[in-house]
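K.L.:
I need the structure of the sequence given here:
(2 chains)
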Amino acid sequence: MSGDAAVTSVAIAGSGLAGWLAASLVARALPDLAITVTETPGPDRSLGVTTAAEILLPDDLLMLGEAGWNGPDLLRECRAGFLLGTALTGWRADGAAAFMPFGEIGAPLGPVPFHQLVSTQRRRGEAVNLANYSIGALAAQAGRFAPPPPGDETAHSALAFGLCVDTQRMAAMLREDALERGVQLTGALSDADLVIDASGPDSRFAGAREDWSAWFPFDRVASARRSSEAPPPPYVHCDAHAAGWQSFAPLADGVGELFVFASADAPGAPPAEPFAPGCEVAAWTDNVVRIAGAAAQHDPVSGLQLHIALADVLRLIALFPATRELAAEAAEYNRQWREQTDCAFDAALLRLARTGARGAVWDRLRASPLPERAGYRHDLYAANGRIVLHDGEVLDEAGWIAQFDALGVQPRKGDALADALPSERIAAHFAAIRQAMIAAVGRMPPYQALLAQAVA
Amino acid sequence: MMGAGPIRKVVIAGGGTAGWMAAAALARLTGNGVTEVVLVESEEIGTVGVGEATIPPIRTFNAMLGIDENEFVAATQGSFKLGIEFAGWRREGEAYLHPFGAYGADIDGVKFHQVWLAMRAAGLPLPLDDFSLCTTAARLHRFQRPDGNPASPLSQLAYAFHFDAGLYAAFLRRHAEARGVVRQEGKIAEVRLDGESGFIRALALEDGRVIEGDLFIDCTGFRALLIGEALGSAYEDWSHWLPCDRAVAVPSTRTAPLLPYTRSTARRAGWQWRIPLQHRTGNGMVYCSRHISDDEAAATLLANLDGEATADPRPLRFTTGIRKEPWRKNCVALGLASGFMEPLESTSIHLIQIGISKLLALFPDASFPAHERDEYNRLTALQWAQIRDFLILHYKQTERAGEPFWEECAGMPIPESLARKMALFRAAGRLFRYEDELFTDASWTAVMIGQGLMPERHDPLADTLDPREVRDLAMRMADAFRRTARAMPTHADYIARHCAGRTM
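P.N.:
As a prediction, this is how the structure comes out:
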C-alpha cells in the first residue's frame, strides 16, 4: 500500500558541493519536500576528487539559469572567471600548443561540415588552424570578451562561454540558499523516503564497483588554490608532464591548480590524495540514488566533475519518483546515468590515451588497445573525421572535433562532398568567417575590465 | 579494383522513388570532376510507389537539392499534410490524430503534456487535441505555411506532403539529369562479381551491354538483385512484431473537402490508408494473410472507398524486416531492397532519405575502408529499430476485442526497448528521446494517449505550478490555436492559390 504514497522526504548524505547542489536545486524544484543534509567532515571529495576550482560549461549555465541561478550571482558569489575553452601544452607530438574552444568552430558550407572542409584543405596542402575559426579562441587570444548581447546577429552571437567557479564558495552559496528554503542540517542520516548519496568515493552506500585502473593510470591528485595578482586568462591551461598532467583554472582572484599523476612514475612526488578511477555498477538501488563522485570517479582531465554532478541532480529531478514505488524511475535513471558515464569515460580516455605527450606513462597508454566503444570513436574519426554521438555525451560534436584536432588526430580521408568543392570556394568561405569573427572580437571590451566589473 | 583515390563511377540499379532520390542527391558528387553517376532502369519493370505520404524532414531533403516547394507540389499533384488520423485503432468508432509539431508550450520548465495530465487529475479533462495547432487546423481542413515569427502561434505548425510517387520520381529524374546523371535504359540480366574480392564489378544488361562501376546502389525493390541475390546480405525478419505481410492498393476519384492529413483506419485483420492528392485519392489496405484472404481484403478496400475506384486493385507482398548489412562490399541498398516497414507512419521515403544522407556523409573512396560501412550499418540498424518500436506500439496498445488478429497483436511480446518506454510513460507520463530518434515526445504522446495508454500519475513537478494560472494559460493557448486555425485558408484554396498541378 505504501508504494502508492507520494515521496515526501529526502535525506542527502554529504555536505560537499554535490550535496548542496542537490539540496538547493531539489528544494527549488519541489518546495513541498522535507529535505535534510547530513554533514560530512574533511575535504570535499563529493565530486570524486578535491578541487579548488570547478568548471561550468555553457549549457550548465543555461540549466542553472532555468533553476534560478543566474550568471551575475554565480560570478560574484563564486569569485568566478569566464571561460572560453582550454589551452593545451605538451599534448602533441609536434610540441605545438593547442586550444579547445567551447562552441561551434567555423560554419558549414551547405551540407558540408566545417571540419570536413578543413580536412580537405589540409590534404590539399594548406595549413589550417581550427582555432583561427573559433570566435572564442580569437577572443581569448585578443584578451577581449563580452557575453553576446541578446538579439545580436553578428559573429558575436556564436560565442559560447562557461565559468570557472571557486568550489568552496559555490558550496557555501548553495548551502545558504538551501537552508533559507527550509533544508535541515543533521548530524546523522535521517529516515526518508529517498536518500541522495552525495558523499563521494568513500560513501557508506558503496555497492558493487567497476574498476577502471587498467585504463586510467593516474592515481594521485593534489589540489591547491593560489592567489594571484596577475589578471586571470579566460581559459583553463592544461599541461601534460612526464608523470601525468596539471591544470590551472582561472578564478577572479586566483588560480585553482590540480596536479594529477601516476604514483609509480613519480617517485618522490609530494604527498597527494589517492584516487581510484571507476564507477558503481548501479547508481540507484532501492531508495538510494548515488550522485556525482559517489556514483562515478572519472579521471578529472576533462574538467567535467561539476557538469556531471549537475547532470545527475537534474536527471533525478526530471525522474523524481511520483510515488514510493520507485522501480520505473530507478531503471530509467540508471540507464541514462550509465550512458553518460560511458560517454565521459570515452571522452577522458581519448583525451589521455592517444596523445603525443612524452613520458613512460604516456607510452604505456599509447601502447594499450582501446576498449571497443572508445576505439570505434577514435578509428572512425581517424578514418574520415566522422563523430559518433550517443545519448549522454559530455562533449558535443564540436567538442569532440576540438579534442581530436587539438591532440593532433588527423582524418586520413575527406568528405566526398567537401572534396568535390574547389579550393578557392572553400578558401573564400574561410576568409569570410574569419573576417566576421575578427570584426566582432574587435568590438568586444578588454576582458579584464569586464571581469573586474562583473565580480565587483 | 579496390584501388585508391575517389570513387570514379557510381551505378544506381533501379529507378523509382529510391533510385531517383539517390541520383538527385548524388549528382552533387560529380562536382569533383572525377565521379560520374549512372542510373540503370527499365521501363518494363513497374515500380511500387503509389500515393505517398511523408513526414516533415523531407523538407530538408528538398532544400538540400534546392527544390522550389510550390513547383514540386504542383509537379507531383501533391497536397499538404499536418498529421495522420488513426481511426478505430484503439477501439472501433474512435479516432485520434497524430499531428506534426508540438503540443502547447512548456510552463516553467514543466513539459506541456505533464501540465495537461495534472489538469486532468484535478478534474479538468480538456482534449489534448485542443493544444495542437496542426490538429486544430487539420480538423477544420485548413492549411497555411508557418511564418518565421517565433512569437506567432503559426510557428507551432509543422507540415509534410502527400504526392504521386511516380510523378515525384519523374520530377527528380529531370533534376538529376539536368545535373549530369546519365540514365541507361535496360534490364539487368546479371550481376558480375570480382572473383577475388567478391565485390560487384559490373551489371550485364539483357541487350549485352556491360556497365562497370566502383560503387553500386541497389534500388531494385523487393528483389534486392544486388545486395540480396548477388551479395547474400541476410534479411532479419520482424514479422513476429509487425505481422501484416500483404497490401492491395487502388486509386479513387478526389472528394471534397481536400483533407490536409493522411488517414489510417483499422480493419478486421489490418488497416486501410487514405492519401489525398490533387488529382485523386490514393488508397490501400495492409493486412495479415494468416487472418484474411486476398479477395476479402480487396473487397473490404473497395467497399470502403469514398470515391469511385479508377483502376484495378494492385496486390503487393512483403516481409517486414531489415537487411542485416544494408551496405555490403561495394553495394549500398536503398528503399525496399534495404528492408520494409509498413507505411503506418509514412516513413518509407524518410528511410530512403536518411540512407542517402548517411551515404553522402560516409561516402567511401575506392579502397572501401570498413569504417564507413560499419558506421553506416550501425546507424541504419539503430534508426530502423527506433521506427519499428513506434510502429509496434500502434498494434500492441489496442483494445479492439473479438478479432483474432488484434487480440494476437495485443498479446504479443515486444522489444525490451519499447516495453521500457511504455512502462515509463504508464508510471508518470515520462518520455525520453533516445539517440536522436526520429519521433519526438509529441509523437509518442499522441499515439500513446490516442491508443489509450493513459499515465497512472503525472510528474510531481507539475504540482508545483499554480493550478489557476495554469488553467488560464492553457485556455489562452487553446484559444489562440483555434483563432489562428480559423483564420487560415482551406487546404484546397491554399493549393489552388500557390501550387495547383495541371488538370489531368
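
K.L.:
Alongside chain B, which residues does chain A contribute?
P.N.:
Taking Cβ under 8 Å from any Cβ of the partner chain as the contact definition, chain A meets chain B at A:6-7, A:29-32, A:66, A:110-111, A:317-323, A:328-329, A:331-332, A:335-336, A:376, A:379-380, A:383-384, A:386, A:388-391, A:413, A:415-417, A:419-421. Just so you know, the C-beta spots here come from the backbone N, C-alpha and C atoms, and that holds for glycine as well.

K.L.:
6 Å - rerun?
P.N.:
A:66, A:111, A:320, A:322, A:328, A:332, A:380, A:383, A:391, A:413, A:416, A:419-420 (Cβ under 6 Å from any Cβ of the partner chain).

K.L.:
Excluding chain neighbours, give the residue nearest to B:Pro315 in space.
P.N.:
Spatial nearest neighbour of B:Pro315, excluding adjacent residues (Cβ to Cβ, 6 or more residues apart in numbering or on different chains): B:Val248 at 5.1 Å.

K.L.:
Identify the bridge partners of the one you found.
P.N.:
For B:Val248, the beta-bridge partners are B:Met285, B:Pro315 (DSSP bridges).

K.L.:
Now for it, how many residues are close by?
P.N.:
As a burial measure, B:Val248 scores 24 neighbours (other Cβ atoms under 10 Å in any protein chain shown).

K.L.:
Next, the contact list for the most centrally placed residue in chain A, please.
P.N.:
The centroid of chain A falls nearest to A:Leu304 when counting by Cα atoms, centre = their mean (2.5 Å). Residues counted as contacts of A:Leu304 (Cβ atoms under 6 Å, 6 or more residues apart in numbering or on different chains) are A:Val394.

K.L.:
so which residue of the stretch 301-450 of chain B comes closest to chain A?
P.N.:
Of all residues in the stretch 301-450 of chain B, B:Phe363 sits closest to chain A, at 3.3 Å by Cβ to the nearest Cβ.

K.L.:
In this structure that residue contacts A:Leu417, no?
P.N.:
No. Taking Cβ atoms under 6 Å as the definition, B:Phe363 is not a contact partner of A:Leu417, at 7.4 Å.

K.L.:
Now do the helices in the stretch 201-350 of chain A.
P.N.:
Remark: helices assigned in the stretch 201-350 of chain A by DSSP state H, counting those that start in this stretch are A:305-318, A:327-353.

K.L.:
just checking, which of the ones you listed sits deepest inside the structure?
P.N.:
helix A:305-318 (a mean of 23; mean count of other Cβ atoms under 10 Å in any protein chain shown).

K.L.:
hmm, who's touching it?
P.N.:
With contacts defined as Cβ under 6 Å, 6+ apart, helix A:305-318 is touched by A:18, A:21-22, A:25, A:29, A:47-48, A:54, A:57, A:60, A:289, A:291-292, A:336.

K.L.:
Now name the helix or strand holding A:Arg45.
P.N.:
Here A:Arg45, judged by DSSP states H and E, is contained in no helix and no strand.

K.L.:
How about the contacts made by it?
P.N.:
By Cβ under 6 Å, 6+ apart, the neighbours of A:Arg45 are A:Gly200.

K.L.:
Next, find the distance separating the closest residue to B:Arg317 other than its chain neighbours from chain A.
P.N.:
Counting by Cβ to Cβ, 6+ apart, the nearest residue to B:Arg317 once its immediate chain neighbours are dropped is B:Arg246, at 5.3 Å. Using Cβ to the nearest Cβ, to the nearest Å, we find B:Arg246 at a distance of 37 Å from chain A.

K.L.:
what pLDDT does B:Arg246 get?
P.N.:
Looking at B:Arg246, its pLDDT is 97.

K.L.:
Could you identify the most distant pair in the contacts of helix A:305-318?
P.N.:
A:Ala29 and A:Gly48 (24.1 Å; Cβ to Cβ).

K.L.:
ok now do the residue in chain A positioned nearest to chain B, which residues does it touch?
P.N.:
Nearest residue of chain A to chain B: A:Ala416, at 3.3 Å (Cβ to the nearest Cβ). By Cβ under 6 Å, 6+ apart, A:Ala416 lies in contact with B:29, B:363.

K.L.:
With adjacent residues omitted, what lies nearest to the residue nearest to the spatial centre of chain B?
P.N.:
Central residue of chain B (Cα atoms, centre = their mean): B:Thr347, 1.5 Å from the mean position. Of all residues not flanking B:Thr347 in the chain, B:Ile387 sits nearest, at 5.3 Å (Cβ to Cβ, 6+ apart).

K.L.:
Quick one: neighbours of that neighbour, just the number.
P.N.:
Count around B:Ile387 with other Cβ under 10 Å applied: 19.

K.L.:
can you give me how far the host helix or strand of it is from the chain middle?
P.N.:
Counting by DSSP H and E, the element that carries B:Ile387 is helix B:370-396. Relative to the centre of its chain, helix B:370-396 is centred 13 Å away, using Cα atoms, centre = their mean, to the nearest Å.

K.L.:
Going along the chain, name the strands of the stretch 351-500 of chain B.
P.N.:
Assigned by DSSP state E, counting those that start in this stretch, the stretch 351-500 of chain B shows no strands.

K.L.:
which bits of it sit near chain A?
P.N.:
Neighbours of chain A within the stretch 351-500 of chain B, by Cβ under 6 Å from any Cβ: B:363, B:365, B:369, B:371, B:375, B:423-424, B:427-428, B:434-435, B:457, B:460.

K.L.:
Mind picking the lowest-pLDDT entry from those?
P.N.:
Among these, pLDDT bottoms out at B:Glu435, giving 76.

K.L.:
Can you read off the pLDDT for the residue lying closest to that one once chain neighbours are set aside?
P.N.:
Counting by Cβ to Cβ, 6+ apart, A:Asp391 is the residue found nearest to B:Glu435 once chain neighbours are left out, at 5.4 Å. At A:Asp391, the pLDDT value in this model is 89.

K.L.:
what's the burial count for A:Asp391?
P.N.:
Neighbours of A:Asp391 (other Cβ under 10 Å): 17.

K.L.:
helix/strand/coil for it?
P.N.:
Under the three-state scheme (DSSP: H, G, I helix; E, B strand; the rest coil), A:Asp391 adopts coil.
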